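Trainee: Here is a sequence with its predicted model. Questions after.
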Amino acid sequence: MSVYSGPVFDMAANQFAVIADHLSIPLDERDRLLLPKRAITVSCPIHRDDGTIAVFEGYRVQHHLTLGPTKGGTRFAPSVDIGEVAALAIWMSWKCALAGLPYGGAKGGVRVDLSRLSRRELELLSRRYMQEMIPFVGPHTDVMAPDMGTNEQVMAWFMDTYSMYQGHTVTEIVTGKPVASGGTVGRLEATGRGVAYLARRVLNELSINLNGATAVIQGFGNVGSYAAFELHQYGLKVIAVADHTGALYDKSGLDIPALMHHASTHGSIAGFSNELAYDPDQILTLPCDVVVPAAMERVIDAHIAQNMKCRVLAEGANGPTTPEADLVLEKRQDEIFVIPDILCNSGGVVVSYFEWVQDLQQLFWEEEEVTRREYHILDRAFDQMVKRAKADKIPHRTAAMAIGVEKVRAAKTTRGLFP
Ligand SMILES: NC(=O)C1=CN([C@@H]2O[C@H](COP(=O)(O)OP(=O)(O)OC[C@H]3O[C@@H](n4cnc5c(N)ncnc54)[C@H](OP(=O)(O)O)[C@@H]3O)[C@@H](O)[C@H]2O)C=CC1
Ligand SMILES: O=C(O)CCC(=O)C(=O)O
């Protein structure tokens with residue numbers, strides 16, 4: 001029996017089967033492409049503030065090393081298990097290949113409820129996780145980054161722990177670090193910025209006026225808040241936002257800069273306004289122009305997909321749409337334009353790549369250059385996806401993944417890994 005199981009892994013495997021059928025990949029090649037190269041499980045003991053010892057389980061899955069080091073975020077959340085991490089690593093592979101980055105996919109995480117950790121305990125856990133991973137990561141082996149539940153500070157602790165072990169500063173071991181510790185300008189905003197940029201591109205192509213267009217955002221962390229901010233800057237009204245504490249709705253548009261300030265000082269959107277409180281279960285089906293899921297996987301099921309009333313689904317989260325929902329959205333593709341996750345949220349890893357390149361060269365770029373290059377890569381991948389979808393008469397997700405899988409397969413084939 002495989003160690004990889006669970007609904008998120010099944011989803012990644014199911015999507016891959018669709019692509020493999022579409023590309024007529026022989027059955028005996030499929031496991032080699034799908035199953036991860038390495039999966040590492042570690043125990044991370046820490047001394048709690050009350051003097052007791054607690055042990056947290058950590059994971060890192062490296063999907064393939066064919067194109068270069070593996071690359072991907074680290075998630076701290078109660079849901080984390082090896083199946084979820086493996087699925088996220090596989091998606092990273094198709095995402096990096098679609099964007100043309102010299103990486104395989106990876107993902108890591110610790111199963112932990114952050115609401116139960118003090119800042120000191122979080123630092124100990126972050127450092128212990130990296131310490132346990134030292135034999136398996138490196139600037140040319142596997143480069144970590146933030147994901148749900150981790151941020152610039154956690155990346156700085158990772159980098160510091162690795163550097164102390166090496167005896168010198170190794171900024172290129174992780175990306176998404178603070179600029180003060182070798183990070184790049186523009187990484188903090190990159191994922192949300194990319195989501196908003198692509199959503200705007202689709203709105204323009206659909207001839208929808210940005211001024212007065214409306215958006216709904218689920219998740220108000222790194223991705224959701226910066227996507228909301230950029231859409232707001234473009235002139236859209238962000239009419240609803242949700243995080244795990246609840247939702248806010250204002251048909252005339254929420255004050256996004258004020259909400260970002262509130263969320264950064266209070267840790268969530270709770271307490272921003274009682275009058276604007278709304279049912280979080282209803283927000284994905286609100287009538288609007290753009291829906292951005294930017295929280296968890298599998299939030300859009302077939303029922304929600306059937307009831308969505310948006311023109312653009314811009315997937316900020318990884319894996320927000322179930323395969324059953326994809327079948328519904330395929331039938332509704334003239335009504336709803338799907339920008340699939342591996343394209344839509346790829347601005348994050350694209351700018352992580354720029355951060356790694358800058359750290360390796362010790363030559364740092366201006367923000368204008370970072371963002372211009374990010375948008376160039378997103379536009380190129382978007383064009384390739386749309387062209388492929390039209391040519392093969394397939395949904396956008398199938399097209400985007402087919403391009404990614406083909407590139408990985410071509411690299412494996414030319415290196416001689418297949419007979
Ligand atoms: N960070 C990055 O650069 C990238 C992230 N992604 C993906 O984007 C998604 C979000 O990541 P990121 O923004 O970094 O994570 P964060 O931890 O910064 O934010 C996650 C947000 O989702 C909210 N949330 C969690 N559970 C729910 C729920 N059940 N309903 C509504 N909201 C919920 C959180 O609320 P609360 O804070 O109240 O818990 C928080 O607002 C993930 O799928 C991640 O894999 C993809 C590419 C890059
Ligand atoms: O920035 C990176 O390296 C990875 C970001 C990430 O985890 C993702 O794209 O899902």
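Mentor: Received the coordinates, thanks. Only a predicted model underlies this, so the values are computations on that prediction, with no experimental measurement involved. Numbers count the residues shown, from 1 in each chain. Ligands and ions are numbered 1, 2, ... in the order given.

Trainee: Tell me the spatial nearest neighbour of Ala215, not counting adjacent residues.
Mentor: Excluding the flanking residues, the one nearest Ala215 by CB to CB, 6 or more residues apart in numbering is Val290, at 4.2 Å. For every residue, glycine as well, the C-beta is placed using N, CA and C.

Trainee: Show me the beta-bridge partners of the one you found.
Mentor: Counting by DSSP bridges, Val290 is bridged to Ala215, Val312.

Trainee: With Pro45 instead?
Mentor: Assessed by DSSP bridges, Pro45 has beta-bridge partners Val55.

Trainee: Stretch 95-111: end-to-end distance?
Mentor: 24 Å (CA to CA, to the nearest Å).

Trainee: List the buried residues for it?
Mentor: Buried residues in stretch 95-111, counted by 16 or more other CB atoms under 10 Å: 95-99, 101, 103-111.

Trainee: Repeat that for stretch 406-417.
Mentor: Residues of stretch 406-417 classed as buried under the neighbour-count rule (16+ other CB under 10 Å) are 406-409, 411-412.

Trainee: Mind listing residues that contact stretch 195-205?
Mentor: Outside stretch 195-205, the residues within contact range by CB atoms under 8 Å, 6 or more residues apart in numbering are 210, 213, 215, 223, 226-227, 229-231, 234, 289-290, 292, 294, 311-312, 314-316, 337, 339, 343-345, 347, 375, 378-379, 382.

Trainee: which one of the buried residues of stretch 406-417 sits closest to Glu132?
Mentor: Taking CB to CB as the measure, Glu132 sits nearest to Val408 out of the buried residues of stretch 406-417, at 28.1 Å.

Trainee: For that closest one, give me its contacts.
Mentor: Residues in contact with Val408 (CB under 8 Å, 6+ apart) are 33, 64, 66-67, 93-94, 97, 104.

Trainee: would it count as being in a strand?
Mentor: No. With DSSP: H, G, I helix; E, B strand; the rest coil as the criterion, Val408 is assigned helix and is not in a strand.

Trainee: Which of the contacts of Val408 are buried, as a ChimeraX select command?
Mentor: In ChimeraX, this line selects whichever of the contacts of Val408 come out buried by 16+ other CB under 10 Å:
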select :33,64,66,67,93,94,97,104
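
Trainee: hmm, back to that, let's have the buried residues of stretch 406-417 in CSV, adding distance to ligand 1.
Mentor: Compiled in CSV, those are given as follows (distance: CB to the nearest ligand atom, whole Å):
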residue, distance to ligand 1
Glu406, 22
Lys407, 19
Val408, 19
Arg409, 24
Ala411, 23
Lys412, 25
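
Trainee: would you turn the residues you listed into CSV with pLDDT?
Mentor: Formatted as CSV, those follow (pLDDT from 0 to 100):
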residue, pLDDT
Glu406, 97
Lys407, 97
Val408, 97
Arg409, 96
Ala411, 94
Lys412, 92
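
Trainee: so is Tyr4 in a helix, a strand, or just coil?
Mentor: Following three-state DSSP, we place Tyr4 in the coil state.

Trainee: Verify the stated contact: it with Ile82.
Mentor: Yes. If you go by CB atoms under 8 Å, Tyr4 and Ile82 touch, sitting 6.6 Å apart.

Trainee: Can you tell me which residue of the stretch 1-150 of the chain sits closest to ligand 2?
Mentor: Gly73 (2.6 Å; CB to the nearest ligand atom).

Trainee: Let me know the secondary structure of that residue.
Mentor: Looking at Gly73 with three-state DSSP, the answer is strand.

Trainee: For the stretch 301-419 of the chain, what lies in contact range of ligand 2?
Mentor: Contacts of the stretch 301-419 of the chain with ligand 2, taken as CB under 6 Å from any ligand atom, map to 318, 345, 348-349, 352.

Trainee: quick one, phi psi at the residue nearest to Pro287 when sequence neighbours are not counted?
Mentor: Leaving aside its sequence neighbours, Pro287 sits nearest to Lys309 (CB to CB, 6+ apart; 4.2 Å). Here is the backbone geometry of Lys309 (degrees, to the nearest 10): phi -120, psi 30.

Trainee: Is the helix or strand hosting Tyr197 positioned near ligand 1?
Mentor: According to DSSP states H and E, Tyr197 maps onto helix 187-205. Yes. Contact of helix 187-205 with ligand 1 (CB under 6 Å from any ligand atom) involves Thr191.

Trainee: What segments of the stretch 51-200 of the chain are helices?
Mentor: Assigned by DSSP state H, counting those that start in this stretch, the helices in the stretch 51-200 of the chain fall at 82-99, 119-133, 152-166, 187-205.

Trainee: Can you say which of those is packed in most?
Mentor: The highest mean neighbour count among those, using mean count of other CB atoms under 10 Å, belongs to helix 82-99: a mean of 28.

Trainee: ok so, going back, pairing-wise in the sheet, spell out the partners of the residue of the stretch 1-150 of the chain closest to ligand 2.
Mentor: Gly73 has these beta-bridge partners by DSSP bridges: Ala145.

Trainee: wait, Thr322 sits on His303?
Mentor: No. With contact defined as CB under 8 Å, Thr322 does not count as touching His303 (10.2 Å).

Trainee: Same drill for the two, tell me which one is more crowded.
Mentor: Just comparing Thr322 and His303: by other CB atoms under 10 Å the higher neighbour count belongs to Thr322, 21 against 11.

Trainee: Look up phi and psi at the more buried one.
Mentor: Main-chain dihedrals, Thr322, degrees, to the nearest 10: phi -70, psi 160.

Trainee: Please name the residues that touch Glu367.
Mentor: Residues near Glu367 by CB under 8 Å, 6+ apart: 185-186.

Trainee: Kindly provide the whole-number mean pLDDT of stretch 342-362.
Mentor: The average pLDDT within stretch 342-362 is 98.
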